[in-house]
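Novice: Got a sequence here, can you build the structure:
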Amino acid sequence: MPARSAGILIHRPDGSGIEVLLVHPGGPFWRNKDVGAWQLPKGLVGAGEEDDAAARREVAEELGVVVAGPLTDLGEVRQAGGKVVRAFAVELDVDIASIVSNTVEIDWPPRSGRKLTIPEIDEARWFAPEDAHRHILPSQAPFITRLEAALAGQRNGTCSSE
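Specialist: Numbering: from 1, shown residues only. Next up is the predicted model:
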């Protein structure tokens with residue numbers, strides 16, 4: 001069974017539509033990567049844990065932000081490595097200057113046995129959807145499209161929340 005992650009695509013209104021919050025992974029592997037490297041805050045779903053609970057936990061760990069409101073289900077994608085990611089969306093105005101990420105320990109260089117403690121994310125940034133499509137991991141880009149469709153549906157009275 002492939003690994004399973006869950007996350008939340010946070011969005012807020014802006015003058016001409018919406019902005020989405022994406023995070024840049026910390027550590028030396030991602031240091032010089034930008035376009036195609038950003039992600040929604042997400043992480044592994046624990047044994048017996050519901051996807052939405054895991055998504056809320058991951059946002060709290062990676063951003064220091066509690067998401068308490070209802071979530072909109074954006075479905076799943078399968079990433080290149082086989083991991084299945086389920087995403088939810090919530091409208092929330094997060095001050096990126098106040099974000100505090102947890103840290104994780106990795107082997108660096110890989111398989112060297114040497115440990116390095118890194119922040120799970122090293123930056124969070126608000127993006128307009130067209131910029132987000134360019135910066136996000138390609139496998140996660142459908143979540144932005146699905147969010148835009150869900151918000152259009154809400155404006156037309158055809159979308160429901162979880």
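
Novice: how about the helices of this structure, start to end?
Specialist: 51-63, 129-135, 141-155 (DSSP state H).

Novice: Deepest-packed of those helices, please.
Specialist: helix 51-63 (a mean of 21; mean count of other CB atoms under 10 Å). To be clear about C-beta, it is placed using only N, CA and C from the backbone, and glycine gets the same treatment.

Novice: spatially speaking, which residue is in the middle of the chain?
Specialist: residue 40 (1.5 Å; CA atoms, centre = their mean).

Novice: List the contacts of residue 10.
Specialist: With contact set as CB atoms under 8 Å, 6 or more residues apart in numbering, residue 10 has these partners: 20-21, 40-41, 59, 65, 67, 89-92, 94.

Novice: whoops, I mixed them up, residue 12
Specialist: 18-19, 21, 91-94, 126.

Novice: How about it: which residues does it bridge to?
Specialist: residue 19 (DSSP bridges).

Novice: Could you tell me how far it is located from residue 25?
Specialist: 22 Å (CB to CB, to the nearest Å).
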